[in-house]
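1. Sequence and predicted model, in that order:
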Amino acid sequence: MSTIKADVRRYIEENFLLGAGAVSPSDDDSFLEHQVLDSTGFLELVAHLEETYGFKIGDDEMVPENLDSLNAIEAFVQRKQQGAV
Amino acid sequence: MTALAFLPGPFVHSAFDARCLEVPDKTAVVAADREVSYRELDERVNGVANALHAAGIGPGDRVLLLLDSGVDFVASLHAVWRLGAVVVPLGPQTKAAKLAHVLADTGARALLTQASLAPAWAGLSLAPLVWAQGDTAAQPWPQPATTARFSGGPGNASELATLIYTSGTTGVPKGVMLSHANMLAAWRAVQAYLQLAHDDVIGLALPPSFSYGLYHVLMGLGIGATLVLENTAAFPMRLLQRLAAQRVTVFPGVPTLWASLLALDLSAHDLSALRLITNAAAALPAAHTAQLRERLPHARLLLMYGLTECMRASYLPHEEVDARPDSVGRGIPHQAHWLEDEHGQRLPQGSTGELVVCGAHVSVGYWNAPAGQPGRLTPGPHPGENTLHTGDLFRSDADGWLYCVGRTDDMFKSRGEKVYPLEVEHAICELPGVREAAVIGIPDERLGLAVKAFVRLREGATLSEREIIRHCLARLESWMAPKTVAFVDELPLTESGKLRRRDLA
């Protein structure tokens, strides 16, 4: 598994999911639909990504296509990293 | 049909049923880029109602709805009402423990839900009949049907239409009983000043499982308008794009939603169709009110105040917003209201006291409330009317304008949602390492008030802040989970040993 996905999965499990009984989302599951994150949770996730990967996320980048699943986040972070090089 | 002449009834779904016949080809609901006409929605309502009826569900039976905002929710709502059964709408954030409590408390015979929420419902021990949208072991979602294979429905308007579960002082969620007559009375009073019209496009980013969103669903569909159901509140830029693209004319919001939208450049989006915006659930900070007036000058802004028990109790007319932005208004039409002191004495205007409202829109009571405990809801002086002690303290001026000053109990609002500290404290105390816990709200720019927990651990126990927060997230709706946790050696107590929350900070 990619390190980006592994990192984000760990972050979500540690901060939002209870160990026992909680089902970790699959790579394509929408966090919203599966009630993993609410609007405050997304803001916390964005802050985590900014801190971990050292880039700023603009208002117009805060859309479900970039943030609403592990796969979406991986692709988004990779695009941001390539753009920064 | 003018907006003012519109009187819905005799039942809460009657106006929608009439629109299905009148304007079948009009778009009723837009959800996730899918448009559903009144005819299609009617057929989906029939499908759900037929399936429930075939399973023996009829007048008076309680049916739980655990669904995202969307076409299935809207169809289920009207299906249950058409059968004369009682809707129990639950937010999709509802966790397994609360769902089990509501199921046991209501004795509900059916649950309408969806696959993505299976973690909340799949393990229910008191198994009701379950229909689920998506791939699950439950009965598949009913197919739309052109004809209704049932007759009957509610007998009279005093019958129960809806039970809305809300947190209470005792720390256990309780069901607010709303009859058809209650809901119609609230609808008429609100429509008198909201003046929704058939050509409105109502953008609903609020959960329709709560009073504020729920009434927009029934009022919008009752008048033949188009509802745009949005699950995009977490992505404010996307929400603005959708409001512009759908030419939304009416948009109800809550303070946190307004705050996230005001953080963006509104002028980059064409919001020229917006004619009416409203705020409820919690007071809008005066600075945000001023910004909304300045940045959306063409939209009427109404500041409103209400509770699940009566839906709405007051609104501030648009003409008054600039002059007295911190007032919630002077009540609503067809309602009596006054302020009372702690001994139950009515106070003259210009006093400060608890707001009491009385009218046909006030709930008939709490479901399963123990007999002999008067509580907040009592019968009013006239048949069909009830009286509600709101628990909210207001100051009134000489002209009767009301200004909120606080609460008579410990309840506070975070993100516009009710938090009763006792409910959170009970959840935290379930952790074996916790000896006692106390919860308060602390000022927070984004949330209004943020939940903070003070926890005293048992000897030798080790628990982290994150572990306590995660436990609460698994147990409670997310707005009730603490944002921060402080570990303390003791909690401030009164001489009689009761917790003194105001000494926490």
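-> Yep, that arrived.

2. residues contacting B:Val201?
-> By C-beta atoms under 8 Å, 6 or more residues apart in numbering or on different chains, the contact set of B:Val201 is B:225-226, B:228, B:246-250, B:273. The way it works is simple: take the backbone N, C-alpha and C, and place the C-beta from them, glycine included.

3. make it 7 Å
-> By C-beta atoms under 7 Å, 6 or more residues apart in numbering or on different chains, the contact set of B:Val201 is B:225-226, B:228, B:246-249.

4. what residues does the stretch 401-505 of chain B put near chain A?
-> Proximity of the stretch 401-505 of chain B to chain A, by C-beta under 7 Å from any C-beta of the partner chain, involves residues B:466, B:470-471, B:473-474, B:478.

5. Highest neighbour count among the residues you listed?
-> B:Leu473 (25 neighbours; other C-beta atoms under 10 Å in any protein chain shown).

6. I'd like the next helix or strand past the helix or strand containing it.
-> Taking DSSP states H and E as the definition, one finds B:Leu473 inside helix B:465-475. As assigned by DSSP H and E, the chain's next helix or strand after helix B:465-475 is strand B:484-487.

7. who touches that following strand?
-> B:452-455, B:457, B:465, B:468-469.

8. just how off-centre is that strand within its chain?
-> Computed by C-alpha atoms, centre = their mean, to the nearest Å, the chain-centroid distance of strand B:484-487 equals 29 Å.

9. thinking again about what came up before, closest to chain A among the residues of the stretch 401-505 of chain B next to chain A?
-> Set against chain A, the nearest of those by C-beta to the nearest C-beta is B:Ala474 (3.5 Å).

10. Roughly how far does the closest one sit from B:Leu355?
-> 36 Å (C-beta to C-beta, to the nearest Å).

11. Kindly report the residues of chain A close to chain B.
-> Checking chain A against chain B by C-beta under 7 Å from any C-beta, the hits are A:14-18, A:22-23, A:32-35, A:38-39, A:41-42, A:59-60, A:62-64.

12. Now intersect those residues with the helices, please.
-> A:14-16, A:39, A:41-42, A:64 (DSSP state H).

13. hmm, which two among those are most spread apart?
-> Checked with C-beta to C-beta, these reach their widest spread between A:Glu14 and A:Pro64, with 22.7 Å between them.

14. Which of those two has more residues huddled nearby?
-> A:Pro64 (18 against 12).

15. does A:Arg79 belong to a helix or a strand, and which?
-> If you go by DSSP H and E, A:Arg79 is part of helix A:70-84.

16. ok, back up a step: emit the PyMOL select command for whichever of the contacts of B:Val201 are buried.
-> Filtering these down to the buried ones (16 or more other C-beta atoms under 10 Å in any protein chain shown) takes a single PyMOL command:
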select buried, chain B and resi 225+226+228+246+248+249
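
17. could you pull out the helices for chain B?
-> Under DSSP H, chain B gives helices at B:14-22, B:38-54, B:71-82, B:96-106, B:118-121, B:180-194, B:211-223, B:236-245, B:255-262, B:286-295, B:318-321, B:421-429, B:465-475.
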